[in-house]
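K.L.:
Sequence and computational prediction follow.
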Amino acid sequence: MVKKRKSTQIITDVLLEPFFISKDEFCFTVKQNVKTDGSHFKSKGEGKIYEKSLYYFATFEEALTKIAKLKCESDSFHSLEEYINNYKTISNQIKDYTDEIRSII
């Protein structure tokens with residue numbers, strides 16, 4: 001007997017952009033929308049957008065932590081202190097937001 005797969009949920013927010021999270025019955029997946037150009041291997045013309053799965057996690061918190069790290073890696077920094085402060089800011093924004101949601105639920 002084949003078990004029917006449950007639905008997938010997509011979690012998007014401006015704090016997470018350009019990343020988002022999909023949740024299914026097995027894991028949380030950190031994804032990114034990628035826009036193709038003429039040289040891209042999935043290109044069937046320029047400007048096509050597809051979802052790229054980046055990482056898989058067992059918990060929501062792990063997925064949020066990875067997004068915070070990815071967002072920090074996308075910028076250039078001139079000092080370690082600047083990098084750490086940026087990471088803390090992004091992490092705190094995400095944590096504050098999720099804590100606020102948990103307090104409502």
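P.N.:
Received the coordinates, thanks.
K.L.:
Select the longest helix from this structure.
P.N.:
The residue-count maximum for a helix in the chain (DSSP state H) belongs to helix 80-104.
K.L.:
quick one: contacts of that helix?
P.N.:
Here helix 80-104 makes contact (C-beta atoms under 8 Å, 6 or more residues apart in numbering) with 13, 15-16, 60, 64-65, 67-69, 71-72, 75, 77. For every residue, glycine as well, the C-beta is placed using N, CA and C.
K.L.:
now swap in stretch 67-76 and tell me
P.N.:
Leu16, Phe19, Ile21, Val30, Leu54, Tyr83, Asn86, Tyr87, Ile90, Ser91, Ile94.
K.L.:
just the buried members of these?
P.N.:
Leu16, Phe19, Ile21, Val30, Tyr87, Ile90, Ser91, Ile94 (16 or more other C-beta atoms under 10 Å).
K.L.:
Next, give me the two most distant ones among those.
P.N.:
Using C-beta to C-beta, the buried ones among the contacts of stretch 67-76 reach their maximum pairwise distance at Ile21 and Tyr87, which is 18.8 Å.
K.L.:
In the one helix or strand in the chain whose mean pLDDT sits lowest, which residues are buried?
P.N.:
For the chain, counting by mean pLDDT, DSSP states H and E, helix 80-104 ranks last in confidence among helices and strands (a mean of 77). Neighbour-count burial for helix 80-104 flags Tyr87, Ile90, Ser91, Ile94 (criterion: 16+ other C-beta under 10 Å).
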